[in-house]
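*Asks:* based on what follows, work out the 3D shape:
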Amino acid sequence: MGIFIDEKNKIFTLHTNNSTYQMKADQYGFLLHLYYGRRTQGCMDYLLHFADRGFSGNPYDVGADRTYSMDVLPQELPSLGTGDYRSPAVIIKNADGSYSGDFRFRDARVIEGKYALPGFPAVYADKNEAQTLEIDLEDPVTHVQVTLLYGVLPKLDIITRSARIHNGGTERVWLEKAQAACIDWTGGEYDVMYFYGRHAMERHVQRTPVTHGAQVIGSRRGTSSHQYNPMMIIADREATEDAGSCYAMSFVYSGSFKAEVEKDQFNQTRALIGLSDEQFSYPVEADGDFYIPETILTYSRCGLSRLSQNLHACIRTHICRGKYRDCIRPVLLNSWEASYFDFNAQSLCALAKKAAEVGIEMLVMDDGWFGRRDDDNSGLGDWRVNEKKLGMSLGSLIEKINGMGLKFGIWFEPEAVNEDSDLYRMHPDWALSIPGRNPVRARNQLILDLSRPEVVDDVFEQVCLVLDQGNIEYVKWDLNRSLSDCYSRSTKDQGKVQYDYVRGVYDLLERLVQKYPDILFEGCSGGGGRFDAGMLYYTPQIWCSDNTDAVDRVHIQYGTSFGYPASTVGSHVSAVPNHQTGRTTPFAARGITAMAGTFGYELDPNKLSDEEKQQMRDQIADYKKYAPLIQNGLYYRLTDPSVREVGAWEFIDEDAAEVLVSAMMLNMHGNMTVNYVRLKGLEEGAMYRDTKSQKVYAAEALMESGILLPIELGEYQAYQMHFVKEQ
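*Replies:* Residues are numbered from 1 along each chain as shown. Now for the predicted structure:
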């Protein structure tokens, strides 16, 4: 299908429809990286360069050949201890205290279908959609073995990378660095694109030239974080949205990570992504295994738009799972910004009644329904319904909401605990904390030690007792602080705690999604603090940001779109002045921006005017009409909102028969300039009709000159244009 092995020359070639990845086990057993780029044929080992390099050592095996050095050669698994002084993918501390791993080729095989990783999320595929290449490497001294795993999904132009590390020796070793993927380029001038931010301002784009030295991003927070997203793009300097070669690396993991790009002394470039090596030292016992979480790789020679579309298709159909993977999500109203902690069953029913009148399909009860929880200082960990506050049982409330024709959803934050809670008073040792030290608080809460199976079991049982009380069809899964004090009383090896914590989170989520397959789970961590492919394996959508301001959301959703499909982006219309920024934007602008995601509302409809309520009805009708296109269509970024006065984006179906263009004016000036938005992906030679104005346009004109945006007074005017191809 897509994997070819030249047994004689030990050449391993991975083909997708539009790309080729090739490597070679040479005469010394080193697995060298040869090529990754546009699809091609033949052997690319001619790209290897051998020369006597000063201060670049030579493996003992090569004898007097000073031209052979791991410090120069491109590799699949660069490791510390072979004379390569660039950043390694693997660092192993051996039982004798030495740091060395000399991994040589032993065997390779092709398996039909895509490999899975026990206990971890990973791309999945049917046997007719994917193949797996397994390559075995071994250190001949310690007998530590590494099996490199390559999954190939040819139609999607996706290659995945992971590894299983097996201790085949007789003594424990420690894994002190573990990167899931490494790409070495022997030449070229590249830019690196990172996605940085902070709480309420996530995933802004930074594009900088790859320069000499290491450029490093990552998270030390125990989650993938608001500050840096666990994906990066390496692009030719000339690459644009529509042309040029570029590569993406997206780490399928929700904890601390590290991504590096390094230009070396000979202008070669190395990119790695994987686990953070800070607070990481994982013991691997004799005959024990360790799995490095997976990285998704994709290549495009047609620019950044195609690169993003490759990732979108992979995540939407081969990471996201369950009933809601392909379903249009219900339009929901979340109670948080409508009432915060101040609610009861009566006020929720009043929200639901008005929501039903305008066409909303689900009411979500957010924080404040459990334990002693009237603010954010107490109650976390006590997942028992506060019937006194509600004024009735949860089951009765759900029946009332369902009786109005609405689905019912609920909020949890199961990974955290308040010291003022029954759970903490009973089990203070279940919180991550360092003996003899006061813990670091955040939002006046601590983190439960989910590296311990008994803690995971207790949380699972508590959550199930709530979910079994009625017809709950949606769960918002939140985490409102970063990890700290990463010390577990269940182990002496504290360097394993963060990794095991994430594994505990995955175990908890997997058990829940299997037990409740009809519940839509939405991930959240103060909004987008854990927006990664790993969480999307369990929650097919994630609250994009706690910031619902429409103008900021244009920027946040722009950056998010580089790696993640719109179907995964939780996005809502909120009240104005906005609760995060104080900014006032038109109702239409808020609706159009929220339609670039799963769509819902974060406000109290009872406080809206009749005109705004009618706008809600119209927005919901529009969303329902366009939702299949938004969820499944190809996504194009039409402008960069940090550069242009307008933010614009497009959804188009794969047959180029239907197009939805959205735009918002971000800046307004006196004697305003004219703005045109150029469409993309249309069928050349076709004519397209604007379904609102009924005007017909030539595809070439729409793509070359664009469509004129009206000049209107007032800030943040927004527009939505729907085109269909004339038959």
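*Asks:* contacts and neighbour counts: CA atoms only from here.
*Replies:* Will do.
*Asks:* so which helix or strand takes in residue 192?
*Replies:* Assigned by DSSP states H and E, residue 192 belongs to strand 190-198.
*Asks:* just checking, what packs against that strand?
*Replies:* Counting by 3 or more Cα pairs under 8 Å, 6 or more residues apart in numbering; DSSP states H and E, the packing neighbours recorded for strand 190-198 are strand 201-209, strand 231-236.
*Asks:* the strands in the stretch 151-300 of the chain, which residues?
*Replies:* 158-167, 173-185, 190-198, 201-209, 213-218, 231-236, 246-251, 257-263, 269-275, 282-284, 289-300 (DSSP state E, counting those that start in this stretch).
*Asks:* make JSON lines from these and add distance to residue 407, mean pLDDT and mean neighbour count to it.
*Replies:* Shown next, in JSON lines, are these (distance: least, Cα to Cα, whole Å; pLDDT from 0 to 100; neighbours: other Cα atoms under 10 Å):
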{"stretch": "strand 158-167", "distance to residue 407": "37", "mean pLDDT": "98", "mean neighbour count": "24"}
{"stretch": "strand 173-185", "distance to residue 407": "41", "mean pLDDT": "98", "mean neighbour count": "24"}
{"stretch": "strand 190-198", "distance to residue 407": "33", "mean pLDDT": "98", "mean neighbour count": "21"}
{"stretch": "strand 201-209", "distance to residue 407": "30", "mean pLDDT": "98", "mean neighbour count": "19"}
{"stretch": "strand 213-218", "distance to residue 407": "39", "mean pLDDT": "96", "mean neighbour count": "17"}
{"stretch": "strand 231-236", "distance to residue 407": "35", "mean pLDDT": "98", "mean neighbour count": "25"}
{"stretch": "strand 246-251", "distance to residue 407": "34", "mean pLDDT": "98", "mean neighbour count": "27"}
{"stretch": "strand 257-263", "distance to residue 407": "37", "mean pLDDT": "98", "mean neighbour count": "24"}
{"stretch": "strand 269-275", "distance to residue 407": "39", "mean pLDDT": "98", "mean neighbour count": "26"}
{"stretch": "strand 282-284", "distance to residue 407": "44", "mean pLDDT": "98", "mean neighbour count": "21"}
{"stretch": "strand 289-300", "distance to residue 407": "35", "mean pLDDT": "98", "mean neighbour count": "24"}
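*Asks:* residue 685 contacts residue 702, doesn't it?
*Replies:* No: counting by Cα atoms under 8 Å, residue 685 stays clear of residue 702, with 11.4 Å between them.
*Asks:* neighbour count: those two, which is higher?
*Replies:* residue 702 (19 against 9; other Cα atoms under 10 Å).
*Asks:* doesn't the more buried one belong to a helix?
*Replies:* Yes: counting by DSSP: H, G, I helix; E, B strand; the rest coil, residue 702 is part of a helix.
*Asks:* can you pull the contacts of it?
*Replies:* With contact taken as Cα atoms under 8 Å, 6 or more residues apart in numbering, residue 702 is in contact with 678, 679.
*Asks:* coming back round to it: want to throw the strands of the stretch 151-300 of the chain into CSV with distance to residue 671?
*Replies:* Shown next, in CSV, are the strands of the stretch 151-300 of the chain (distance: least, Cα to Cα, whole Å):
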stretch, distance to residue 671
strand 158-167, 48
strand 173-185, 50
strand 190-198, 34
strand 201-209, 30
strand 213-218, 43
strand 231-236, 38
strand 246-251, 40
strand 257-263, 45
strand 269-275, 47
strand 282-284, 63
strand 289-300, 41
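*Asks:* run a quick neighbour tally on residue 228.
*Replies:* Residues near residue 228, counting by other Cα under 10 Å: 24.
*Asks:* pairing partners for it in the sheet, please.
*Replies:* Counting by DSSP bridges, residue 228 is bridged to residue 196.
*Asks:* which residues touch it?
*Replies:* By Cα under 8 Å, 6+ apart, the residues touching residue 228 are 194, 195, 196, 197, 203, 217, 218, 219.
*Asks:* a markdown table for these, including distance to residue 405?
*Replies:* Shown next, in a markdown table, are the contacts of residue 228 (distance: Cα to Cα, whole Å):
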| residue | distance to residue 405 |
| --- | --- |
| 194 | 44 |
| 195 | 41 |
| 196 | 41 |
| 197 | 39 |
| 203 | 37 |
| 217 | 47 |
| 218 | 45 |
| 219 | 43 |
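*Asks:* and stretch 331-344, how far out from the chain's middle?
*Replies:* The chain centre lies 27 Å from the centre of stretch 331-344; the measure is Cα atoms, centre = their mean, to the nearest Å.
*Asks:* what does the average pLDDT come to for it?
*Replies:* What stretch 331-344 shows for mean pLDDT is 97.
*Asks:* now do the buried residues in it.
*Replies:* 331, 332, 333, 334, 335, 336, 337, 338, 339, 341, 343, 344 (16 or more other Cα atoms under 10 Å).
*Asks:* can you list contacts of it?
*Replies:* Residues contacting stretch 331-344 (Cα under 8 Å, 6+ apart): 348, 355, 360-368, 373-375, 389-391, 574, 579, 598-604, 620.
*Asks:* ok, now stretch 138-151?
*Replies:* For stretch 138-151, the surrounding residues in contact (Cα under 8 Å, 6+ apart) are 94, 101-106, 114-115, 130-137, 159-169.
*Asks:* and for stretch 620-638?
*Replies:* For stretch 620-638, contacts defined as Cα under 8 Å, 6+ apart pick out 241, 305, 309, 328, 331, 359-360, 558, 565-567, 595-597, 599, 647-654, 658, 660, 677-680.
*Asks:* repeat for stretch 214-221
*Replies:* By Cα under 8 Å, 6+ apart, the list of residues contacting stretch 214-221 from outside reads 194, 224-225, 227-230, 255-263, 276, 278, 482-484.
*Asks:* can we see that at 6 Å?
*Replies:* For stretch 214-221, the external contacting residues (Cα atoms under 6 Å, 6 or more residues apart in numbering) are 256, 257, 258, 259, 260, 261, 262, 482, 483.
*Asks:* ditto for stretch 667-677
*Replies:* Contacts for stretch 667-677 (Cα under 6 Å, 6+ apart): 645, 706, 707, 708, 709.
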